[in-house]
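1. Only the shape, not the letters, is given here:
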């Protein structure tokens, strides 16, 4: 695929676009020769690609792209606002980022509820790393300060009513509405939550001082999990890795996807640590719903990883789907199965 213009497989004409898979989808931006930014959506294998909308060339480069929780729209940020583009091309703009940028804060992440109606945004100031948390909804179309929680980050939504939140004080819990207190999930100091649809996995241990735009790290942790209601805390494994870690997900063979300190590369960690893709710098990966493949993101590149060849795949299992793209993201249907 080239750096601009049409992507292969895109259907043109009213009603001609092929339906996208209900199990997983990709979203990514390309800059056209005229300078405008074009948002594309496709299946996880890159097929049935279609353009959903554009951002003018004189607008800031879109970033922090996220699928809404229902997979029916793509949200993104510019310097001044949040934008949401539905699969039918209709758009909603949510203003408010401009004044925060003036105060030195920039949005680093946004998370959308399962219905795609509510969002939680984490902003961070580049000068001192201080974070601010804001919430909003499609219906309200405005940002509301979530509360004062120290340096904190939003995580996955547990439901349409509650979103995970972690703090550098070691508090791990859920928040329902702006201004309300956090409902603690565990009493121990913990951070770095990941919700698989059934349980919240997290790292228990000494929280901080490492903190990056990815979130809060935990020193020499153990991996635990808890039900969304705060019951049934389990120990999932003690890692034989020393350092500050952050949990990103679970690999199909039971190892964990993690970041180690400020390293931009994602690692597979069990009894030892190994780079997910030694020959490619992949900063993030998500596993497909059928666990037969994964999608990796590294800079401007999207890579498909064939897991049918083994859970520690060699270089031949990595296929570059897209190159030269901007702020890609993947949506995977959340499954409640083990």
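-> Sure, I can see it. These numbers were taken from a predicted model, which means no experiment stands behind them.

2. Now do the helices in the stretch 151-300 of the chain.
-> For the stretch 151-300 of the chain, no helices are identified by DSSP state H, counting those that start in this stretch.

3. can you give me the strands in it?
-> If DSSP state E, counting those that start in this stretch is used as the criterion, the strands of the stretch 151-300 of the chain fall at 152-157, 163-167, 172-175, 183-184, 190-195, 200-212, 215-226, 234-238, 244-250, 256-260, 267-269, 273-275, 284-287, 293-298.

4. Can you check what angle separates the fifth one from strand 256-260?
-> Going back to what we said before, that points to strand 190-195. In terms of direction (axes from the mean of the first three to the mean of the last three Cα atoms, to 10 degrees), strand 190-195 departs from strand 256-260 by 140 degrees.

5. How far off centre is strand 190-195?
-> Counting by Cα atoms, centre = their mean, to the nearest Å, strand 190-195 is centred 13 Å from the centre of its parent chain.

6. Would you enumerate the residues in contact with the residue positioned nearest the centre of the chain?
-> Nearest residue to the geometric centre of the chain (Cα atoms, centre = their mean): residue 66, 6.6 Å. Going by Cβ atoms under 8 Å, 6 or more residues apart in numbering, residue 66 touches 74-76, 109-112, 329. Placement of C-beta: from N, CA and C, glycine included.

7. now residue 21
-> When contacts are counted by Cβ under 8 Å, 6+ apart, residue 21 touches 43-44, 48.

8. 10 Å instead?
-> If you count contacts by Cβ atoms under 10 Å, 6 or more residues apart in numbering, residue 21 has them with 42-45, 47-48, 71, 289, 331, 333.

9. And for residue 131?
-> Counting by Cβ under 10 Å, 6+ apart, residue 131 touches 105, 108-109, 122-125, 149-154, 167-168, 211, 213, 215-216.

10. residues near residue 128, how many?
-> Residue 128: 9 surrounding residues under other Cβ atoms under 10 Å.

11. helix, strand or coil for it?
-> Secondary structure for residue 128, judged by DSSP: H, G, I helix; E, B strand; the rest coil, is coil.

12. Distance check, the residue nearest to residue 322 when sequence neighbours are not counted against residue 296.
-> Spatial nearest neighbour of residue 322, excluding adjacent residues (Cβ to Cβ, 6 or more residues apart in numbering): residue 302 at 4.1 Å. Going from residue 302 to residue 296 by Cβ to Cβ, to the nearest Å gives 7 Å.

13. Next: residue 26.
-> As for residue 26, its distance to residue 296 is 12 Å (criterion: Cβ to Cβ).

14. any shared contact partners between those two?
-> Going by Cβ under 10 Å, 6+ apart, residues that sit against residue 26 and also against residue 296 are 302, 304, 321, 330.

15. Which of these sits closest to residue 96?
-> Of all the shared contacts of residue 26 and residue 296, residue 96 sits closest to residue 330, with 26.7 Å by Cβ to Cβ.
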